[in-house]
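K.L.:
3D, please:
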Amino acid sequence: MADDSADLATIVGVQRYLANTHFASDTISVLSGGFANFAYRIHLNDPFEGKGTFILKYAAPYIAASGGTMPLALERQKFEVEALRLVLKMHANDDVITVPAVHLFDEEAHVVIIEDCGMDTRTLKQL
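P.N.:
This next block holds a predicted model:
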């Protein structure tokens, strides 16, 4: 079971949260480019479903880039997860866009773990 008391705004907290799960990781990288959430690339200790890396997004009750000074509703994460699932259904075999599959949605801890589309994947901001 994941540790819900971990501070997921830190790498150490993410490691603690993931310990004793399929997503346990000793190597975690902070991802840049985000604004609202804390985002990390987790390198699993043992592959899960044939994959060695995933992306973990943590939604704090504030905008991550604000350092805690700008509140933001946590419901945003439910909308993001639902949007990812719907768009993946619509574009599952699309060569133009890559939509990451949701592998875990922990509504209590405000964590989403999604497929890692790769370090070389272009983001929507780059288009």
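K.L.:
now do the strands in the chain.
P.N.:
Counting by DSSP state E, the chain has strands at residues 25-30, 38-48, 51-58, 102-106, 111-115.
K.L.:
so which of those is nearest residue 87?
P.N.:
The closest of these to residue 87 is strand 102-106. By C-beta to C-beta, the value is 10.9 Å. Quick note: C-beta positions are derived from backbone N, CA and C, even for glycine.
K.L.:
avg pLDDT for that closest one?
P.N.:
For strand 102-106, the mean pLDDT works out to 97.
K.L.:
ok, stretch 78-88 next?
P.N.:
96.
K.L.:
cool, stretch 117-127 as well?
P.N.:
71.
K.L.:
kindly report the same for stretch 5-23.
P.N.:
Rounded mean pLDDT across stretch 5-23 is 95.
K.L.:
who touches the longest helix along the chain?
P.N.:
If you go by DSSP state H, the chain has its longest helix at helix 76-90. The contact list for helix 76-90 (C-beta atoms under 8 Å, 6 or more residues apart in numbering) reads 36-37, 57, 59, 99-102, 105, 107, 110, 112, 114.
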